[in-house]
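Q: This is the structure alone, sequence omitted:
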Ligand SMILES: [Zn+2]
């Protein structure tokens, strides 16, 4: 009898150890699999490799205060170390409405997931990161307050318009929310700043081919019908939905003002959560980067650009079908509500994360495609 009990207990223990071992193997195999595929993402070749600067563009991270984020675990700097990273807005999901304490928690979370030369401990191997304001960071124009804007600006050294010069390349960052054109104080300041930058650029133009303009909202376009048919493109049935200017894209007036004042050679932005490339003139292209968060898209993307003072080439690296667990993520709101109701936040979070990992491993084909 005693011997039977001993044998049964031993069998249960062995089964428990086997289960734990299987979970550990799944988690690590999953990480290796993702790392292997992501490492196939390539920097585009350059005609002048000695003068070229490697820049990564990311957008729409939508980090949340809770832990139900679905940014994949592999940190961006472990993939293809860029020299510079531009994050094109919507770093946070509700940066304008959170309390100061929650805002600080979000900022800490950002620095953990996206270490930079300023915030990281191994600073030499980290990229320099520049950030642009998005509507989810400071609010759409009617909801933006001077507190929501100044809190974000203070933390990330952003401003309504800024000229950043890197290795002879001019980048101009613009806070899209201040391009409303309603002569409010912030909008008037932004227009004035852009006039000053435009004058600076035309008087002292090192970069003869014009600046690279970075906004959060895309330039004015009536809908998304000109966007392509790539894996990260907007679904076909949403392409012809009319865009609402100042909400889905910049207004036609603000677009003309930016093009006339800055005469850019390239425009890069985000906001729509889908990838898009539009040719405005023979030499002027606008790239819209898809969201980097699986909650928003099945195929998050990263632009890797090799840029010199008069040329650039871009690879759109889509991390294809990495986000099968998005199904889980879509319902995360319901899970969270139930968990809070029954006081089960921790077990739900643990099970949720484990499920995401298993589903990614079992149910997806991972790949990195260069457009
Ligand atoms: Zn946005």
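A: Right, received. Where do you want to start? Quantities reported herein were computed from a predicted structural model and do not represent experimental measurements.
Q: count of residues packed around the residue in the stretch 151-300 of the chain positioned nearest to the ion?
A: Nearest residue of the stretch 151-300 of the chain to the ion (C-beta to the ion) works out as residue 271 at 3.9 Å. Backbone N, C-alpha and C define where each C-beta goes, glycine included. The number of residues packed near residue 271 is 25, by other C-beta atoms under 10 Å.
Q: Ok, the one 4 residues further on next?
A: If you count neighbours by other C-beta under 10 Å, residue 275 ends up with 27.
Q: And residue 147, by the same measure?
A: Count around residue 147 with other C-beta under 10 Å applied: 11.
Q: May I see the buried residues of the host helix or strand of it?
A: Element membership for residue 147 (DSSP states H and E) is helix 146-156. Buried residues in helix 146-156, counted by 16 or more other C-beta atoms under 10 Å: 148, 149, 151, 152, 153, 155, 156.
Q: ok, then the element right after that helix?
A: strand 161-166.
Q: If you count neighbours, what's buried in that next one?
A: Buried positions in strand 161-166, judged by neighbour count with 16+ other C-beta under 10 Å: 161, 162, 163, 164.
Q: next one: stretch 98-113
A: 98, 103, 106, 107, 109, 110.
Q: do stretch 239-252 as well
A: Going by 16+ other C-beta under 10 Å, stretch 239-252 has these buried residues: 239, 243, 245, 246, 248, 249, 250, 251.
Q: Would you state the helices of this protein in chain order?
A: With DSSP state H as the criterion, the chain has helices at 2-38, 100-113, 135-138, 146-156, 185-203, 252-262, 326-330, 332-342, 345-363.
Q: which one of those helices has the lowest average pLDDT?
A: Lowest mean pLDDT of those: helix 326-330, a mean of 41.
Q: separation between residue 172 and residue 61?
A: Distance, residue 172 to residue 61, by C-beta to C-beta, to the nearest Å: 22 Å.
Q: How many residues are close by residue 47?
A: Residue 47: 10 neighbours (other C-beta under 10 Å).
Q: Could you do residue 204 as well?
A: Residue 204 - counted by other C-beta under 10 Å - has 9 other residues nearby.
Q: mind putting the buried residues of helix 146-156 in TSV, distance to the ion included?
A: Shown next, in TSV, are the buried residues of helix 146-156 (distance: C-beta to the ion, whole Å):
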residue	distance to the ion
148	14
149	15
151	18
152	13
153	17
155	18
156	16
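Q: Flag every residue of the stretch 51-200 of the chain that's near the ion.
A: 90, 134, 135 (C-beta under 5 Å from the ion).
Q: mind redoing it with 6 Å?
A: Residues of the stretch 51-200 of the chain lying close to the ion by C-beta under 6 Å from the ion are 89, 90, 134, 135, 136.
Q: show me what contacts the second one?
A: Okay, so that is residue 90. 59, 60, 61, 62, 134, 135, 136, 137, 216, 270, 271, 291 (C-beta atoms under 8 Å, 6 or more residues apart in numbering).
Q: Same question for the first one.
A: When contacts are counted by C-beta under 8 Å, 6+ apart, residue 89 touches 59-60, 131-137, 176, 215-216, 269-271.
Q: Please report which of those residues has the highest neighbour count.
A: Top of the contacts of residue 89 by neighbour count (other C-beta under 10 Å): residue 59, with 33 neighbours.
Q: Tell me the predicted confidence for that one.
A: Reported pLDDT for residue 59: 93.
Q: Name the nearest residue to it, sequence neighbours excluded.
A: Closest residue to residue 59 apart from its sequence neighbours, by C-beta to C-beta, 6 or more residues apart in numbering: residue 270 at 2.7 Å.
Q: For the one you found, grab phi and psi.
A: Main-chain torsions, residue 270, degrees, to the nearest 10: phi -140, psi -130.
Q: just checking, it touches residue 136?
A: No - look at residue 270 against residue 136 with C-beta atoms under 8 Å: they stay out of range, at 10.7 Å.
Q: I'd like to check the angle between the helix holding residue 147 and helix 185-203, please.
A: Orientation of helix 146-156 against helix 185-203 (axes from the mean of the first three to the mean of the last three C-alpha atoms, to 10 degrees) gives an angle of 40 degrees.
Q: If you count contacts, what does helix 146-156 end up packed against?
A: helix 100-113, helix 135-138 (3 or more C-beta pairs under 8 Å, 6 or more residues apart in numbering; DSSP states H and E).
Q: so who does the closest residue to residue 94 other than its chain neighbours touch?
A: Nearest residue to residue 94, sequence neighbours excluded (C-beta to C-beta, 6+ apart): residue 136, at 6.5 Å. The neighbourhood of residue 136, defined by C-beta under 8 Å, 6+ apart, consists of 62, 89, 90, 91, 92, 93, 94, 95, 96.
Q: I appreciate the help and will end here.
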